[in-house]
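Asker: what would the 3D arrangement of this be:
(chains A and B)
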2 protein chains.
Amino acid sequence: MRIDVKQASELLRQQDNILILAHENPDGDTLGCAYALCRALHNLNKKARVACADKTPHIFDFIPRGVEVQDFEEQFIVSVDIADMSLLGDEEYAAQYRERIDLCVDHHGSNSMTAKYICMEEEPEAAACAETVLLIIRELGAPIDEIIARCIYVGITTDTGCFRYSNTTSRSLRMAADMVDVGLNTGKINKLTFETRTKTYTALETLALSSMKMFFDGKCAVIKITQDMYEKSGSDESETHPITAIPRQIEGVLVGAAIKETKDGATYKISVRTNAPANAANICAKMGGGGHRRAAGCALKGRTLEEVYETLINAIGEELEQALKETGE
Amino acid sequence: MRIDVKQASELLRQQDNILILAHENPDGDTLGCAYALCRALHNLNKKARVACADKTPHIFDFIPRGVEVQDFEEQFIVSVDIADMSLLGDEEYAAQYRERIDLCVDHHGSNSMTAKYICMEEEPEAAACAETVLLIIRELGAPIDEIIARCIYVGITTDTGCFRYSNTTSRSLRMAADMVDVGLNTGKINKLTFETRTKTYTALETLALSSMKMFFDGKCAVIKITQDMYEKSGSDESETHPITAIPRQIEGVLVGAAIKETKDGATYKISVRTNAPANAANICAKMGGGGHRRAAGCALKGRTLEEVYETLINAIGEELEQALKETGE
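Answerer: As a prediction, this is how the structure comes out:
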């Protein structure tokens, strides 16, 4: 049943011994939501604790700081920032909670969770789930202390790329301003969230960027990330996300792509990012994949790296021709 | 004479044929201030135009868009975001305006301008000069249209690193929210301001990062940028600024440094950035330079690159020892 923020807070007010679930591979939004809500419930003298299939990444160690760890048998289960049961964790982990989620608080249009109650804002859509959680906390009347402010701020900045992405609304900025007024060292928080590079990431980025090739008169940039690069840099696939965004950032580039070699040596994962008018989903659909207009992906199996380049460049060339013809450029 | 925002707007209200000066090598804040103020004056049926010693960098082409270019003999001169006469432009250019500036609107604590009236906020200090300009425009009662909103937004985001830096206040965020509400495509603006890399920059970054060396158990990271790298990448010193920030961003690094070879081949410019407790000014002072706690610089002449490394690493080692002793780490 779909409920609004007021109804969600009413529901929470009636409950105690509340377990809050964050999604696997947790990011700043799911962790920020979970610990902000947990702390707010503690501030209202309720028992609450957070659970997550994976450990908190150490750059986010500061999020749970100061939130008491409580032990109790859960009577009410809330999921935050989880769009689908498959994002809860592996099958064994998820099985504990299947059919047992009472309240799902989320902000993904694609939400397909099974829960007694689902609370999602539609107008305006929340850039971060932390925005909706803040509204629930305000409705609950829980005092907003420095811990809650820090958690909500990290949630909003994580999902808006520190207010850079186009999902940022004036509400995102105002809510962040309210959190700052509680007394946050946002410079320090943002440095941890956005400006810390591991040595292994830096080494991998250098190797990957060295492989960059340009095609179609500078309209396309392609990098590769090989197993050999992981070995040389001491890095692994979990650190590739920011690198795959770089080719599209180059001036004049409409299609940026990254070819990632997998462990089996015969499968290549391809990540495509575009600027208008090029469509990433169209490109990846030609290769059996899919996604969104600006970001999509696919996997090519049983081929050599040379063949992968050829297939990819052909698909990109077709899309560029089509897209530029349509816009008359 | 120091005046406040109200007095500055009163002064502008009494004037016409107003020339607005931006600083040389213009950035988003000086340009945003200049064009926002210019447009606001046009909206009040006054004549106004912007002058700058240098061309608008093409990533900021969108800032002046829609602001009418007007020709008239100036009767009143305003400088925006200019801390010192030397930042106006070269001597010949600056000579035209020396002793002729009527109103200086700025936000640099170090302001040393010669002007009849100086308007600077102290409490709270403005993160961007655009914040003070917005207050003046509001006080003038000029309608805030999309052009003004765009200019103010770019000014604030430029000087706060899109709200990442520690100078960001809740007022910065709320003013930006007000500008967003006028109707801005902030995703597009931020992409231009923060996510566009030139091909030459990307090539130079790759070469420079490949040169990274770590010292003192990972507490120090040093990169070099040579004339050979400029040649290979097609880049030049004007693009080195973002690269010099990278060594400090690496996890565990307290001192990040960049050694830049100059054209004469015998002088090396050194840029040092630190995290607490290391002090960049201390390090550069040992080598005849200076600066701030977190960012400082110096130049070493007539030495080989090997000697420069040695001198730099010694200076860094002394500061690290001192700083870590003081904090008991």
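Asker: can you pull out the helices in chain A?
Answerer: Listed in chain order, the helices found in chain A under DSSP state H are A:5-13, A:28-43, A:91-95, A:129-140, A:146-160, A:170-183, A:186-194, A:199-210, A:227-233, A:241-244, A:246-249, A:280-285, A:305-326.
Asker: check contacts around A:I118.
Answerer: A:1-3, A:103-104, A:106, A:111 (C-beta atoms under 8 Å, 6 or more residues apart in numbering or on different chains). Where C-beta positions appear, they are placed from N, C-alpha and C, glycine not excepted.
Asker: what do you get for A:A278?
Answerer: By C-beta under 8 Å, 6+ apart, the contact set of A:A278 is A:254-255, A:319-320, A:323.
Asker: then A:A295?
Answerer: Neighbours of A:A295 in contact, by C-beta under 8 Å, 6+ apart: A:271-274, A:280.
Asker: so what strands line up beside the one helix or strand in chain A whose mean pLDDT sits lowest?
Answerer: Here the helix or strand of chain A ranked lowest by mean pLDDT, DSSP states H and E is strand A:290-291, holding a mean of 78. Paired neighbours of strand A:290-291 in the sheet (DSSP bridges): strand A:295-301 (antiparallel).
Asker: before we move on, back to that, quick one: which of the contacts of A:A278 is nearest A:G32?
Answerer: Relative to A:G32, the closest of the contacts of A:A278 is A:V255; by C-beta to C-beta it sits at 33.4 Å.
Asker: could you list the low-pLDDT ranges of chain A?
Answerer: A:328-329 (pLDDT under 70).
Asker: what is the burial count for the spatially closest residue to A:T198 that is not a sequence neighbour?
Answerer: Of all residues not flanking A:T198 in the chain, B:E251 sits nearest, at 5.0 Å (C-beta to C-beta, 6 or more residues apart in numbering or on different chains). Neighbours of B:E251 under the rule other C-beta atoms under 10 Å in any protein chain shown: 15.
Asker: pretty sure B:E251 sits against A:E195.
Answerer: No - assessed by C-beta atoms under 8 Å, B:E251 is found out of contact with A:E195, at 10.3 Å.
Asker: domain assignment for chain A?
Answerer: Following automatic domain parsing, one gets these domains for chain A: A:2-194, A:199-327.
Asker: relative to A:Y153, how far out is A:V182?
Answerer: 9 Å (C-beta to C-beta, to the nearest Å).
Asker: more neighbours, those two?
Answerer: Remark: of A:V182 and A:Y153, A:Y153 carries more neighbours, 28 against 17, as counted by other C-beta under 10 Å.
Asker: residue contacts, that one?
Answerer: A:32, A:176, A:179-180, A:184, A:186, A:189.
Asker: give the contact list for A:N185.
Answerer: A:N185 neighbours (C-beta under 8 Å, 6+ apart): B:S166.
Asker: and it, how far from A:A149?
Answerer: 11 Å.
Asker: pull the number of nearby residues for the residue of the stretch 1-150 of chain A found nearest chain B.
Answerer: At 8.4 Å from chain B, A:I59 is the closest residue in the stretch 1-150 of chain A, using C-beta to the nearest C-beta. Using other C-beta under 10 Å, A:I59 has 15 neighbouring residues.
Asker: re the thing from before, nearest to B:A22, of the domains of chain A?
Answerer: Across those, closest to B:A22 is domain A:199-327 (C-beta to C-beta), at 23.4 Å.
Asker: pull the distance from the closest one to the chain's centre.
Answerer: 19 Å (C-alpha atoms, centre = their mean, to the nearest Å).
Asker: and stretch A:188-202, by the same measure?
Answerer: That offset, for stretch A:188-202, works out to 16 Å (C-alpha atoms, centre = their mean).
Asker: A:E68: neighbouring residues, count only.
Answerer: Other residues close to A:E68 by other C-beta under 10 Å number 11.
Asker: what residues does the stretch 201-329 of chain A have near chain B?
Answerer: A:202, A:205-206, A:209-210, A:212, A:214, A:218, A:246, A:249-252 (C-beta under 8 Å from any C-beta of the partner chain).
Asker: so which of the residues you listed is the most crowded?
Answerer: Busiest of those [other C-beta under 10 Å] is A:E205, holding 25 neighbours.
Asker: correct me, but that one touches B:A208?
Answerer: No - here A:E205 does not reach B:A208: they are 12.0 Å apart, not a contact under C-beta under 8 Å.
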